[in-house]
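Colleague: build the 3D model from these lines:
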Amino acid sequence: MYIESIMSRRLIKVKRADSIKETVRKMVEKKIGGVVVVDRKVPVGIFAKKDLIASLLAGVDLNKTAVEQAMLYPVHPVGPAEKIINTVQRMELYNFRRFIVVNRDGKLAGIVTDLDIVKHYALSAISYQTTLSAAAVRGITATPATPLKKIARTMLDEQRSCTVICRNGKPVGIINEALLVKLAARFKDPLKFHAEDKMIKGYCSASPDDSLRANVLNMIKKNMRNIILTDERGKYVGMVSLGDIVTFIIDSKL
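Modeller: Now for the predicted structure:
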């Protein structure tokens, strides 16, 4: 199958001169993880949540800094006729979560994300017998007293979208990229807080022995990016993200 069968034709565009703050507010309003930066309708970059985090850690003024100064470029576009599995491999190679799709004359045709990939392969690449442990990683943890700035730095350095906040080894909340985007839209200095001040207390948890297939379908249904894994005592043992599932799909299909 080809990218055109799973890509979304609805995407949010911003101009390269738009401020990061304007762009972040648009991301929050539209509930999206990234926007396409265009110049005369031609895509010139992508601005996503991790680009915002990098900007926050660099201490730039979000109101005065144009999005083109923080966007990812070149965009490494894919074509509508590219095979899905080829795009999955490129997603893993570049550690990207989204690719823009362009037609032959370079004009925007759509966008494809890691969620689109997981939706496509959720049933064919994951058997009923596979457990969450097959795709699990250790992930990142922090304490409630950990500053958000330290958490954001670790997430960026380790290319993870979520940090699990633990007290006495048990999860009590999470800090994810989406939360940092919301804080950036509201506060001038969104990293001034500690984890316990802003952490999300509602999150999805499961046992490593639970069905990967069932949990992936639940992630798709609820538009979640992460599942927190705990043992029988409620202690944190790992996590599974959409990116980890993409890696599992590659290992399963190739």
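
Colleague: OK, contacts around the residue most central in space within the chain?
Modeller: Nearest to the mean C-alpha position of the chain, counting by Cα atoms, centre = their mean, stands Ser161 at 5.6 Å. Applying Cβ atoms under 8 Å, 6 or more residues apart in numbering, we find Ser161 in contact with 49-50, 155, 176-177, 225-226, 241-243. Yep, even glycine has a C-beta here, placed from its N, CA and C like the rest.

Colleague: tell me where the model's unsure across this structure.
Modeller: Across the chain, the ranges flagged by pLDDT under 70 are 253-254.

Colleague: all strands of it, in order?
Modeller: 13-15, 34-39, 42-48, 98-102, 108-113, 140-142, 162-167, 170-176, 205-206, 226-230, 236-241 (DSSP state E).

Colleague: now for the last one, which elements pack on it?
Modeller: The reference is to strand 236-241. Packed against strand 236-241 by the contact rule (3 or more Cβ pairs under 8 Å, 6 or more residues apart in numbering; DSSP states H and E) you find strand 162-167, strand 226-230.

Colleague: does anything pack onto the last one? Which helices or strands?
Modeller: Meaning strand 226-230. Using 3+ Cβ pairs under 8 Å, 6+ apart, the elements in contact with strand 226-230 are strand 170-176, strand 205-206, strand 236-241.

Colleague: so how far is Leu148 from Gly110?
Modeller: 34 Å (Cβ to Cβ, to the nearest Å).

Colleague: neighbour count winner among those two?
Modeller: The neighbour comparison of Gly110 against Leu148 (other Cβ atoms under 10 Å) goes to Leu148, with 24 against 21.

Colleague: ok, back up a step: any chance of the strands of the chain in CSV, plus distance to Val24?
Modeller: Below are those laid out as CSV (distance: least, Cβ to Cβ, whole Å):
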stretch, distance to Val24
strand 13-15, 10
strand 34-39, 9
strand 42-48, 9
strand 98-102, 17
strand 108-113, 18
strand 140-142, 23
strand 162-167, 19
strand 170-176, 15
strand 205-206, 29
strand 226-230, 21
strand 236-241, 22
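
Colleague: make CSV out of the contacts of Ser161 and add distance to Ala134 and neighbour count.
Modeller: As requested, these are arranged in CSV below (distance: Cβ to Cβ, whole Å; neighbours: other Cβ atoms under 10 Å):
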residue, distance to Ala134, neighbour count
Lys49, 27, 22
Lys50, 26, 21
Met155, 24, 23
Asn176, 23, 22
Glu177, 24, 22
Arg225, 18, 20
Asn226, 16, 22
Ser241, 14, 22
Leu242, 15, 21
Gly243, 15, 22
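
Colleague: ok so, going back, do you know which of the helices and strands packed on strand 226-230 lies nearest Thr141?
Modeller: Thr141 lies closest to strand 236-241 among the helices and strands packed on strand 226-230, at 6.4 Å (Cβ to Cβ).

Colleague: quick one: contacts of that closest one?
Modeller: By Cβ under 8 Å, 6+ apart, the list of residues contacting strand 236-241 from outside reads 132-133, 135-139, 141, 160-162, 164, 166, 169-171, 208, 212, 215, 225-231.
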